[in-house]
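[1] Sequence plus the predicted model coming up.
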Amino acid sequence: MDELRKVDLLLHFPYHSFISILDLLREAAIAPQVRTIRISIYRLAKDSQILNALINAARNGKRVVAVVEVQARFDEHNNILATQALTEAGARVIPGVPGLKVHSKLIQISRRENGRTVRYVHIGSGNFHERTATLYSDTSLLTCNREIGREVRKMFEFFESNYTRHVFRHILVSPFNTRRRFTDLINAEIAHARKGQKAMVTLKMNNLVDVSMIRKLYEASEEGVQIRLIIRGVCSLLTGVKGMSENIQVTSILGRYLEHARIMVFHNNGMPLYFISSADWMTRNLDFRVEVSTPVYDEKLKKELQDYLNMQLSPDARARIIDQKHLNQFQQPDSGKSVDPQIAAYRYFRSHSEKKPG
C-alpha cells in the first residue's frame with residue numbers, strides 16, 4: 001500500500017506473479033490502520049489463498065464485505081462453500097444482485113491515514129483465481145486515485161442497496177453506462193475523421209458479438225476511422241466488406257496462455273484514452289451483468305499498455321487473420337520470421353521488472 005500511495009501499478013498475468021494480489025490482501029488483513037476490505041468474487045480456486053486472506057482479515061477485526069456471485073457457471077458449489085466460510089468468519093457476504101450476474105473484478109481497501117480515509121483499489125479483467133492466473137493473460141490496475149476510489153465505493157453501495165443508482169464519471173459500469181460511454185467514444189472518433197483528423201480505435205477482448213456495437217464500428221469504418229481488433233474467441237464482425245468494413249483489421253492470438261484481457265484505446269485527437277475492463281462486447285456483458293471498466297490515467301502505464309498492444313498488433317506477430325472468408329490463416333511476417341507475441345511480452349515485462357529498484 002505504501003508503494004501504491006506513490007504510483008499506480010499495472011499487473012499483467014501470468015507475466016507478473018499473482019502473489020502481488022495475495023500480498024496486498026495479507027497486508028490489509030493485519031495492518032492496524034485498515035478498517036474495511038471489500039471484494040467482488042466471481043471465481044475462486046479450490047483451497048483459495050484469497051479466501052484465506054479474507055477470513056484472516058475478518059478474524060482480525062476488519063470489516064470484510066464480499067460480493068460472491070453464486071451463479072458463476074461451473075463454480076456454483078465452490079462459491080456457496082466460500083460464502084459459508086466467510087460468513088462463519090464474521091464477514092458480510094452479499095450473494096450477487098437479483099437479476100444481474102456480478103462479473104466485475106474489484107477490491108477496495110479502506111485505510112485511515114493522517115485523519116482521512118484512503119481507498120486502495122484493484123480493477124481487472126481476470127478472476128481472483130491463483131491457478132488460472134498462471135494460464136490466462138489478464139491485466140489489473142492497482143491505484144489509490146481518489147476519484148476512482150470514490151466511484152468503486154459507490155459500486156459497493158449499489159451491491160449493498162440495489163435500489164441506489166449512482167452517477168459514474170470515471171469508471172464505466174454495466175448495465176448503467178458502459179454501452180453509452182463506449183458508443184460516445186466511437187462517435188468522437190467519427191467526428192475527428194469527418195474533420196480530416198487522425199481517428200483510430202484499438203480493441204482487445206475475448207468476444208465481439210453485440211449487434212449494436214458492431215454496427216457502430218461499421219459506421220466508424222465507413223467514415224474513415226482506422227479500427228484494429230484483437231479478438232481471441234467469437235467475432236461476428238466481417239472485415240473487408242466494401243463500403244462497410246474496409247478500415248477494420250481483426251487478428252486472433254492463440255498461444256500458450258489464454259488471451260483473456262480486455263483493453264480499449266481511443267485516439268482522441270492525439271490524446272489517447274486507455275481503458276481496461278472485465279467486459280467483452282456481448283449483449284449479456286453490456287446489459288445484463290455488472291461489469292466495470294476503468295480508465296488508466298498514468299502516462300507511464302498508458303505507454304506500457306500501448307507497448308503491449310503493439311507487440312500483439314505487430315505485422316511480425318504470430319497471429320491469425322480473421323477475414324471475410326473465415327480462413328483464419330497466419331499473417332505473413334514482414335521480416336520473414338514470425339514472433340510469438342506472448343514470448344515478446346514475457347521478455348518486455350521481465351526487462352522492465354529488472355529495471356525497477358529492489
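    Nice, I can see it. Residues are numbered from 1 along each chain as shown.

[2] Can you verify residue 256 is assigned to a strand?
    No: using DSSP: H, G, I helix; E, B strand; the rest coil, the assignment for residue 256 is coil, not a strand.

[3] Just the pLDDT for it.
    We note a pLDDT of 95 for residue 256 in this prediction.

[4] Compute the number of surrounding residues for it.
    11 (other CB atoms under 10 Å). C-beta coordinates here come from the backbone N, C-alpha and C atoms, glycine included.

[5] from what I can see it touches residue 345, true?
    No: counting by CB atoms under 8 Å, residue 256 stays clear of residue 345, with 11.0 Å between them.

[6] List the residues that contact the nearest residue to residue 160 once chain neighbours are set aside.
    Nearest residue to residue 160, sequence neighbours excluded (CB to CB, 6 or more residues apart in numbering): residue 94, at 6.5 Å. By CB atoms under 8 Å, 6 or more residues apart in numbering, the contact set of residue 94 is 65, 66, 67, 68, 159, 160.

[7] in the sheet, who's paired with residue 94?
    residue 67 (DSSP bridges).

[8] Now do it against residue 279, distance only.
    Between residue 94 and residue 279 the computed distance is 20 Å (CB to CB, to the nearest Å).

[9] do the same with residue 341
    With CB to CB as the criterion, residue 341 and residue 279 are 23 Å apart.

[10] Could you give me the ChimeraX syntax to select whichever of the contacts of residue 94 are buried?
    The buried residues among those can be selected in ChimeraX (16 or more other CB atoms under 10 Å) with this line:
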select :65,66,67,68,159
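
[11] Quick check: the two most widely separated of the contacts of residue 94?
    68 and 160 (13.5 Å; CB to CB).

[12] is it true that residue 123 touches residue 291?
    No: Residue 123 lies out of contact with residue 291 (CB under 8 Å); the separation is 10.5 Å.

[13] Buried ones in stretch 216-235, by neighbour count?
    216-218, 220-221, 223-233, 235.

[14] Give me the common contacts of residue 123 and residue 291.
    Common neighbours of residue 123 and residue 291 (CB under 8 Å, 6+ apart) are 104, 278.

[15] just to revisit the earlier point, now, the buried residues of stretch 216-235 that are in strands?
    Counted as lying in strands by DSSP state E, out of these, are 226, 227, 228, 229, 230, 231.

[16] Generate a markdown table for these, with pLDDT and distance to residue 112 as supplementary columns.
    Rendered in a markdown table, the data for these read as follows (pLDDT from 0 to 100; distance: CB to CB, whole Å):
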| residue | pLDDT | distance to residue 112 |
| --- | --- | --- |
| 226 | 98 | 48 |
| 227 | 98 | 46 |
| 228 | 98 | 45 |
| 229 | 98 | 45 |
| 230 | 98 | 42 |
| 231 | 98 | 44 |
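
[17] For the residues you listed, give me JSON lines that also has distance to residue 152.
    As requested, these are arranged in JSON lines below (distance: CB to CB, whole Å):
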{"residue": "226", "distance to residue 152": "33"}
{"residue": "227", "distance to residue 152": "30"}
{"residue": "228", "distance to residue 152": "30"}
{"residue": "229", "distance to residue 152": "28"}
{"residue": "230", "distance to residue 152": "27"}
{"residue": "231", "distance to residue 152": "28"}
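
[18] So which of the residues you listed is the closest to residue 315?
    residue 228 (11.7 Å).

[19] Now do the nearest residue to residue 29 once chain neighbours are set aside against residue 347, distance only.
    Leaving aside its chain neighbours, residue 29 sits nearest to residue 57 (3.7 Å; criterion: CB to CB, 6+ apart). Separation of residue 57 from residue 347 (CB to CB): 37 Å.

[20] who's more crowded, the two?
    residue 57 (26 against 12).
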